[in-house]
Each structure stands twice: as structure tokens, then as C-alpha cells.
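Participant: How does the following fold in three dimensions:
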Amino acid sequence: MLIASVLLSAAMALVARDLVRDFLILPLAYFIWQLRGLLGSVAQLVQWGILVVILALVMAWQLVPDPKRRPRELSAAHRAVGPAETLALAILRARSSNYFKWQLAHRLGCLSRRSEELAGRNSDTAAPGPHIAGYLAAGLMHSFVDFPSRRHVLGRPTGTPLDVDPGEVVVFLESQSLMNGENHADSL
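Facilitator: Predicted structure coming up:
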């Protein structure tokens, strides 16, 4: 199939060679020759002036706002993003890299710290499990660069404290905010 198409292309090139030269190459060469003669008769200063005017018009055209497109762009750019949408995006992004996992752990760690401040140090809150405590500590006391991306060493994936399911941490934080019948979630 490939050989047949190459042979057909070569045969058509031989047949169309004179047609391409007569109807494309010669008229294009004649036009360029006439354009060079016309430009040769115009002073160099005028050519540069025309070029500067054209460039100024192009730049000015780029600065003029498009009245049809502008209201849509403004409404999309100034759309308010609420805390629920921000958190949902953070959870979605946490699936992609350690940076976003750490960012979510940091956010939940700050929330945990704020919850502890509101509850007071003397309250009878339950201590988190070791994996949740490690997750919250990883978000508060470490940077995302401290946790390398998943690499397989001898066939085993390396685990980090950031691998804890954020849902478990949220459940723990909710249980802490509802201790003693108080609801501190509104003031967080």
C-alpha cells in the first residue's frame, strides 16, 4: 500500500510539474519581482514610517477591549469560591501529588489546632490514633519536601504519614468539635 502511494505520488509529480511551474511558481515570482520594484521606488524613510504605523495599530488593537467577551470574563474571574468548594478542590488535588496531600494535611492540622484552642487545654478530648496524630503532625511540623514521592524500593511502595485517608481525620476532628455537647464547628 505504501509503495503504491509513493509510486502514484511520483507519477503525479512528474505530470503536474509543468502545471505547478506555470500556474504557481511563475506568477508568484513575477509578483515578488514587481513588489521589489515598487518598494525600490519608495524612500526608505517612508517604508519605516509605514512599518511603525502598522505596528502601532496592531498594538493599539490589542489594547482595545472586546465588548462582547468582557462581561463573561469578569463574571467568571470574580466568581466567589466558598470554603466548601475550596476544600473539595483540595481533596481532589490531594490525589495527584504529595504537595497537595501536604497542603490538605496542613489545612486540617491548622483546623485541629484551632479546635483545641477553642475547646481549651483542660477538656476531656480523646487523643487521636497514632496514624491521625502523625498525619496532623506532618501537616503542621513538616514541609511537603520532607515526604518524597512514592518510589518503589525493592518492590515495596514507600509510605508516608500523608497516606492516611483525609476522611478519617475529618471524622476525628468532627468528633472532637462535638465533645461535651458543645458545637465549636461554627466558630472555626
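
Participant: what's the closest non-adjacent residue to the spatially most central residue of the chain?
Facilitator: The chain has residue 93 as the residue nearest its centroid, 11.1 Å off, counting by CA atoms, centre = their mean. Closest residue in space to residue 93, ignoring its immediate chain neighbours: residue 100 at 3.9 Å, by CB to CB, 6 or more residues apart in numbering. Bear in mind the C-beta positions are built from the backbone N, C-alpha and C, glycine included.

Participant: Name the residues of the helix or strand harbouring the one you found that are buried.
Facilitator: In this structure, residue 100 sits in helix 98-119 according to DSSP states H and E. Neighbour counts over helix 98-119 (16 or more other CB atoms under 10 Å) mark 98-109, 111-112, 115, 119 as buried.

Participant: which ones are touching residue 160?
Facilitator: 98, 101, 138, 147, 148 (CB atoms under 8 Å, 6 or more residues apart in numbering).

Participant: residue ranges for the strands of this structure, please.
Facilitator: In chain order, the chain shows strands spanning 152-153, 156-157, with DSSP state E as the criterion.

Participant: which of those has the lowest average pLDDT?
Facilitator: Note on those: lowest mean pLDDT is at strand 152-153, with a mean of 54.

Participant: Which pair in the contacts of residue 160 has the greatest spatial separation?
Facilitator: 138 and 148 (12.9 Å; CB to CB).

Participant: So between those two, which is more surrounded?
Facilitator: Taking neighbours as other CB atoms under 10 Å, residue 138 and residue 148 compare with residue 138 leading, 23 against 9.

Participant: Enumerate every residue touching that one.
Facilitator: Residues in contact with residue 138, defined by CB under 8 Å, 6+ apart, are 102, 105, 109, 146, 147, 160, 161, 162.

Participant: Please identify which of those is nearest to residue 35.
Facilitator: Nearest to residue 35 among the contacts of residue 138, counting by CB to CB, is residue 102 at 61.9 Å.
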